[in-house]
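> can you look at this prediction? I've put the sequence above it.
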Amino acid sequence: MEIKTFGVIGAGQMGNGIAQVAAMSGLNVIMNDIKEEFVQRGVENITRILSKNVDKGRMTAEEKDAVLGRIRTSVALADMAEADFVVEAATENEPIKFKIFQDLDEICKPGVILSSNTSSIPIGRIAAQTKRPDKVIGMHFMNPVPVMKLVEVIRGLATSDETFTTTWDLSVKFGKTPAEASDFPGFIANRILLPMINEAVYCLYHGVGEPEAIDTVMKLGMNHPMGPLALADLIGLDTCLAIMETLYNGFKDSKYRPCPLLRKYVEAGWLGRKTGRGFYEYK
Ligand SMILES: CC(=O)CC(=O)SCCNC(=O)CCNC(=O)[C@H](O)C(C)(C)COP(=O)(O)OP(=O)(O)OC[C@H]1O[C@@H](n2cnc3c(N)ncnc32)[C@H](O)[C@@H]1OP(=O)(O)O
Ligand SMILES: NC(=O)C1=CN([C@@H]2O[C@H](COP(=O)(O)OP(=O)(O)OC[C@H]3O[C@@H](n4cnc5c(N)ncnc54)[C@H](O)[C@@H]3O)[C@@H](O)[C@H]2O)C=CC1
């Protein structure tokens, strides 16, 4: 099936970034969320990033308008009936994603690939919510999407070779470098990254260092572009906790237990940049 219209579920930080790169590659995009204000926030973010590109001479104002003109917003999942490929980037929560995939399976044309940008939930579990498990795959972008080169591509047990090749080729079309991971909780990226972030939170919890010291050690000592606590704030502490829970429940191994301080921050609504407060404060 030729992919002309690309559906994105969730217009949060990942969803709007994915919508942007898809529209920049020439596809028509339908960006969906549950509320009008959420899709509008997504469009505002894309507009801000594209305007910066125009200011820096990387694209013309006409090109920016053309990209924005290819993005349509939606607050009704039924709009995905028009999509030729869908990526789901809604909240990292199993019941939410399961319901979306059950509904997409009913709404989308037969043969349409239903991919998930999940950070950690096994693709086979998501695929089992549909009658097209051969068409379900993980397409895991990194944050911030327009900047980061990687897409982790994850097959479930039933994912077909055709679905895999189409998703891989689409990642390349978006200017990304795909890497294949097997279907285990957290795949490769978050199996490695999140235990490091969780350990950084343990360092704070145990008083080994203040946030600035912990991040300075990893930035200047290991040449990481940002420290683990600042990165957790960028990812979202709710998402970090959800990933640790998936690793812990999936492997039943205590090495993945989420730090109690991480849970405490999430329970307080300190989710990082998106709420203005996490390990640091943001205005
Ligand atoms: C949780 C998961 O499931 C998986 C994940 O995604 S884990 C997270 C993976 N991501 C990372 O590890 C990111 C680590 N951090 C970095 O790479 C860098 O700090 C960073 C790219 C975020 C910012 O880079 P920086 O040099 O510190 O800051 P800054 O100069 O402001 O930004 C660099 C470029 O990125 C762009 N950028 C920064 N944030 C952006 C955003 N949210 N959207 C689009 N572009 C952005 C800036 O516009 C800038 O572009 P130019 O150089 O072309 O002007
Ligand atoms: N934050 C990160 O660094 C990364 C996150 N991811 C994954 O991407 C997904 C989204 O994460 P973020 O964009 O960071 O979260 P976010 O919190 O910024 O956005 C999530 C969006 O999903 C929407 N949503 C919730 N239920 C929905 C539904 N039923 N239908 C449509 N939209 C719905 C929310 O309203 C919200 O706008 C998660 O699965 C996350 O694990 C993947 C890579 C990196």
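That came in fine, so what should we check first? Ligands and ions are numbered 1, 2, ... in the order given.
> close to ligand 2: what parts of this protein are there?
9-15, 32-34, 38, 89-92, 96, 100, 117-119, 140-143, 235-236, 239, 274 (Cβ under 6 Å from any ligand atom). Glycine gets a C-beta too; all of them are placed from N, C-alpha and C.
> packing partners for whichever strand or helix holds residue 47?
Under the criterion of DSSP states H and E, residue 47 resides in helix 36-55. Contact partners of helix 36-55 among helices and strands, from 3 or more Cβ pairs under 8 Å, 6 or more residues apart in numbering; DSSP states H and E: helix 13-24, strand 28-32, helix 61-69, strand 71-74.
> quick one: which of the residues of the chain next to ligand 2 sit in strands?
9, 32, 140-141 (DSSP state E).
> which two among the residues you listed are spaced furthest apart?
32 and 140 (19.0 Å; Cβ to Cβ).
> the helix holding residue 47 relative to helix 13-24, how many degrees between them?
In terms of direction (axes from the mean of the first three to the mean of the last three Cα atoms, to 10 degrees), helix 36-55 departs from helix 13-24 by 50 degrees.
> buried sites along helix 36-55?
Applying a neighbour-count criterion of 16 or more other Cβ atoms under 10 Å, one finds 38-39, 42-43, 45-47, 49-50, 53 buried in helix 36-55.
> which among these gets closest to ligand 1?
residue 49 (4.7 Å; Cβ to the nearest ligand atom).
> how much space separates the residue of the chain found nearest ligand 2 from residue 47?
Nearest to ligand 2 in the chain, going by Cβ to the nearest ligand atom, is residue 12, at a distance of 1.8 Å. Applying Cβ to Cβ, to the nearest Å, the value for residue 12 to residue 47 is 16 Å.
> what number of residues are in the vicinity of residue 223?
Neighbourhood size, residue 223 [other Cβ atoms under 10 Å]: 7.
> so for it, what's the pLDDT?
Listed pLDDT for residue 223 reads 98.
> surely residue 180 is in a helix?
No. Residue 180: not assigned to a helix; according to DSSP: H, G, I helix; E, B strand; the rest coil it is strand.
> need the pLDDT of the nearest residue to it once chain neighbours are set aside.
Distances taken as Cβ to Cβ, 6 or more residues apart in numbering place residue 153 nearest to residue 180, at 5.4 Å, with adjacent residues excluded. Residue 153 is assigned a pLDDT of 98 by the prediction.
> could you do residue 54 as well?
So, for residue 54, pLDDT stands at 98.
> from residue 196, how far out is residue 157?
From residue 157 over to residue 196 the distance is 29 Å, taken as Cβ to Cβ.
> neighbour count winner among the two?
Shown here are residue 157 and residue 196; by other Cβ under 10 Å, residue 196 has more neighbours (14 against 11).
> distance check, the nearest residue to that one once chain neighbours are set aside against residue 141.
Spatial nearest neighbour of residue 196, excluding adjacent residues (Cβ to Cβ, 6+ apart): residue 228 at 5.9 Å. With distances taken as Cβ to Cβ, residue 228 is found 20 Å from residue 141.
> between the two, which one's more packed in?
residue 228 (27 against 22).
> return the helix or strand encompassing residue 168 as CSV; C-alpha atoms alone will do.
Using DSSP H and E, residue 168 maps to helix 161-173. This file holds the C-alpha atoms of helix 161-173, laid out as CSV (Å, rounded to 0.1, in the frame of the first residue of the first chain):
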residue,chain,number,x,y,z
ASP,A,161,8.5,-9.2,7.2
GLU,A,162,6.5,-6.8,5.0
THR,A,163,5.4,-4.8,8.0
PHE,A,164,9.0,-4.7,9.2
THR,A,165,10.5,-3.6,5.9
THR,A,166,7.8,-0.9,5.4
THR,A,167,8.5,0.5,8.9
TRP,A,168,12.3,0.4,8.4
ASP,A,169,12.0,2.1,5.1
LEU,A,170,9.7,4.8,6.5
SER,A,171,12.2,5.5,9.2
VAL,A,172,14.9,6.1,6.6
LYS,A,173,12.5,8.3,4.6
